[in-house]
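Engineer: Curious how this folds, go ahead:
(2 chains)
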Amino acid sequence: DGGITQSPKYLFRKEGQNVTLSCEQNLNHDAMYWYRQDPGQGLRLIYYSQIVNDFQKGDIAEGYSVSREKKESFPLTVTSAQKNPTAFYLCASSMSGRGGEKLFFGSGTQLSVL
Amino acid sequence: AQKITQTQPGMFVQEKEAVTLDCTYDTSDQSYGLFWYKQPSSGEMIFLIYQGSYDEQNATEGRYSLNFQKARKSANLVISASQLGDSAMYFCAMREPSSGGSYIPTFGRGTSLIVHP
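Structural biologist: Sure, this is the predicted structure:
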């Protein structure tokens, strides 16, 4: 079955450490997105990519980095510059990024600080 | 200013009754899309319903309908005949054109719905 796979489901970060969250899709979608979810805050956009080798910052990109070397993969790195990384991270994709397209979501990664 | 406003942090409804979850949006574009998603406690996001800005009729998907009032910039979700499994967080979202031409999805803060037996 086609879908989006996020791993790991739970991740712990030590002080000063960079960690990478994986997001893989086999839906042949061009557009991919990373959201951060905090209680009572809804989903906030970190980065998005409309095409391979291209990506743009969202509303809260500081302290995060991404790459899009392959169509099916959009990993998110939480760097040591992100001082409050504890949150639930959701990866999503859509066919081409047009206005009427729904998002398909992964099952999320819960990141906590040790 | 928030682009998507959900004013109800929490809602309670009796099983088998209907419930309306409010959503207002802010955009100056003529072309946009409105969506509702459900997030159970497991964390997955489930697409429920879509309304395009040029659609004249309200969207319906089974027990879900979207009450679209364009002049008021309102896109309320109506769930008929509530079931215990409807207990979840509900998010309203909008896709509008960005400066680069792509349609970026923006989400509200969500409404927590609890269905009582």
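
Engineer: For the chain, give me the ranges with low pLDDT.
Structural biologist: No chain specified, so I'll use chain A. A:1 (pLDDT under 70).

Engineer: nope, chain B please
Structural biologist: In chain B, residues with pLDDT under 70: B:1.

Engineer: looking at it, which residue lies furthest from center?
Structural biologist: When distances are taken from the C-alpha mean of chain B, residue B:100 lies farthest, 25.6 Å away, according to CA atoms, centre = their mean.

Engineer: For that residue, list the residues it contacts.
Structural biologist: Counting by CB atoms under 8 Å, 6 or more residues apart in numbering or on different chains, residue B:100 makes contact with residue A:56. C-betas here are computed from N, CA, C, even on glycine.

Engineer: check contacts around residue A:113.
Structural biologist: So residue A:113 contacts A:12, A:13, A:14, A:15, A:85, A:86 (CB under 8 Å, 6+ apart).

Engineer: Would you mind measuring from the residue nearest to the second one when sequence neighbours are not counted to chain B?
Structural biologist: In space, not counting the residues next to it along the chain, residue A:13 is nearest to residue A:19; the distance is 4.8 Å by CB to CB, 6 or more residues apart in numbering or on different chains. When CB to the nearest CB, to the nearest Å is applied, the distance between residue A:19 and chain B equals 19 Å.

Engineer: ok, how many other residues are close to residue A:19?
Structural biologist: 18 (other CB atoms under 10 Å in any protein chain shown).

Engineer: Next, count neighbours for residue A:4.
Structural biologist: Residue A:4: 22 neighbours (other CB under 10 Å).

Engineer: Wait, it touches residue A:23, no?
Structural biologist: Yes. Assessed by CB atoms under 8 Å, residue A:4 is found in contact with residue A:23 at 6.6 Å.

Engineer: what do those two both touch?
Structural biologist: By CB under 8 Å, 6+ apart, residue A:4 and residue A:23 have these common neighbours: A:91, A:106.

Engineer: For chain B, what lies in contact range of chain A?
Structural biologist: Residues of chain B lying close to chain A by CB under 8 Å from any CB of the partner chain are B:4, B:6, B:9, B:31-33, B:35, B:37, B:42-45, B:47, B:50, B:52, B:91, B:93, B:95-97, B:100, B:102-110.

Engineer: Buried ones among those?
Structural biologist: B:4, B:6, B:32-33, B:35, B:37, B:43, B:45, B:50, B:91, B:93, B:95-97, B:102-110 (16 or more other CB atoms under 10 Å in any protein chain shown).

Engineer: Looking at the contacts of residue A:113, which are in strands?
Structural biologist: With DSSP state E as the criterion, strands contain A:12, A:13 from among the contacts of residue A:113.

Engineer: which of the contacts of residue A:113 lies closest to chain B?
Structural biologist: The shortest gap between chain B and any of the contacts of residue A:113 belongs to residue A:86, at 15.0 Å (CB to the nearest CB).
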